[in-house]
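> missing the sequence, but the structure's below:
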């Protein structure tokens, strides 16, 4: 989190919602009770493959998903984009234009449309996203294996990222993969025999970011089929913790956190959601998914003024589609009217979005510097 201000934003979801819960913010519109991402920053969107091999840009993380107010996703995305602009040393006017384009892209997702039309008809795909899509389409198992487990050998290397498991943990994973529901999940890809047997080749505790510390997180290398038809796959098992994103008091939210993550994923990102399964491991609620070579995250290290506007519009449109697909046409129309209510004539972005992002940028800048100071003090000498 000390690596950059953007990294701090990604890892400080709790701080984000603490600010929203405080009284020092603009009054937010109350949107429809729908599934939201809850942690909608730039890195949580990207190319995602479905079981048939198709690839689309969709939301790709659901740890914080709840039935709640969609404005939380908009503000979190706006903060992420604003911090990306600051990291690229862009003038403040660019941030204002980004938020204008962002709300425009989001709103177009709620306009009447032919469901068969592609995303590009409503929001042009930026060049950075086109390059990522081309990269995604050209990737294979070898690319994934090289990145994740340092080669295609049927072992997971122990070291900084992967740690040795206990005998109890390995036994529990073997029992989990012996379940029929897990076998069906692993063999669900179009390229695999749905009747094939699977077996665990290796497994390790996976230290992957802040969210893996103190919780169960395992990487499992499995074999599908046998002999010349044997194929390998890498599965991710992650404990589902309670969300910090505020939930609606009206919406029906599963009590089991793994069920919550999977259900939210299927509503927000059908491509990834259909590849997920909730289960119980060592008494903990976990969700299981296969890591696909085509799954990538959008990373913005440097951004130009022109690209900033198109990226903001496009990514907000993707989020809008995830929200809109859950609503009937009359409810989409009502939410669109609410978004356009009392809009300033001089600034197209609504004041609640602008004021929220400005206040959050200031709060996160200060919090980030204090975090870096503590990190430096703890690691000095």
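In hand now; what should we look at? Since this is a predicted model, take the numbers as computed values, not measurements.

> Which stretches in the stretch 101-250 of the chain count as strands?
Remark: strands assigned in the stretch 101-250 of the chain by DSSP state E, counting those that start in this stretch are 162-163, 198-206, 217-224, 231-239.

> Including mean neighbour count, could those strands go into CSV?
To be clear about C-beta, it is placed using only N, CA and C from the backbone, and glycine gets the same treatment. Output for the strands of the stretch 101-250 of the chain, formatted as CSV (neighbours: other Cβ atoms under 10 Å):
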stretch, mean neighbour count
strand 162-163, 18
strand 198-206, 19
strand 217-224, 21
strand 231-239, 20
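
> Mind putting the ones you listed into TSV with mean pLDDT and distance to residue 356?
Shown next, in TSV, are the strands of the stretch 101-250 of the chain (pLDDT from 0 to 100; distance: least, Cβ to Cβ, whole Å):
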stretch	mean pLDDT	distance to residue 356
strand 162-163	95	39
strand 198-206	96	34
strand 217-224	96	32
strand 231-239	95	30
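
> Could you dump the ones you listed into a markdown table with distance to residue 52 added?
Shown next, in a markdown table, are the strands of the stretch 101-250 of the chain (distance: least, Cβ to Cβ, whole Å):
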| stretch | distance to residue 52 |
| --- | --- |
| strand 162-163 | 31 |
| strand 198-206 | 20 |
| strand 217-224 | 17 |
| strand 231-239 | 16 |
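
> Specify the beta-bridge partners of residue 223.
Per DSSP bridges, the residues bridged to residue 223 are residue 199, residue 232.

> Wait, it touches residue 230, no?
Yes: with contact defined as Cβ atoms under 8 Å, residue 223 reaches residue 230; the gap is 5.4 Å.

> residues contacting residue 280?
258, 286 (Cβ atoms under 8 Å, 6 or more residues apart in numbering).

> In terms of helices and strands, where is it?
strand 276-281 (DSSP states H and E).

> Now the helix or strand where residue 94 lies: buried residues?
If you go by DSSP H and E, residue 94 is part of helix 92-108. Neighbour-count burial for helix 92-108 flags 94-108 (criterion: 16 or more other Cβ atoms under 10 Å).

> who wins for proximity to residue 133 among the strands of the stretch 101-250 of the chain?
strand 231-239 (21.8 Å; Cβ to Cβ).

> Determine the set of other helices and strands touching the helix holding residue 94.
Other helices and strands packing on helix 92-108, by 3 or more Cβ pairs under 8 Å, 6 or more residues apart in numbering; DSSP states H and E, are helix 71-87, helix 305-324, helix 329-339, helix 351-379.

> Helix 71-87 and that one, what's the angle between them?
Taking axes from the mean of the first three to the mean of the last three Cα atoms, to 10 degrees, helix 92-108 and helix 71-87 form an angle of 150 degrees between their directions.

> Now helix 92-108: average pLDDT?
Taken as a whole, helix 92-108 carries a mean pLDDT of 91.

> Could you shift the numbering so residue one becomes 400, and keep it that way?
Okay, using 400 as the starting number, the last item reads as helix 491-507.

> Pull the distance from stretch 583-598 to the chain's centre.
Remark: stretch 583-598 is offset 26 Å from the chain centroid, using Cα atoms, centre = their mean, to the nearest Å.

> correction: stretch 692-704
Distance, centroid of stretch 692-704 to centroid of chain: 13 Å (Cα atoms, centre = their mean).

> Show me the contact partners of it.
405, 441-448, 454, 456, 459, 483-484, 486-487, 489-490, 493, 527-528, 531, 534-536, 538-540, 542-543, 671, 710, 714.

> So which of those belong to helices?
405, 483-484, 486, 493, 527-528, 531, 534-536, 540, 542-543, 671, 710, 714 (DSSP state H).

> Quick check: ChimeraX command selecting the buried ones in those.
Command for ChimeraX that selects the buried part of these, burial taken from 16+ other Cβ under 10 Å:
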select :405,483,484,486,493,527,528,531,535,543,671,710,714
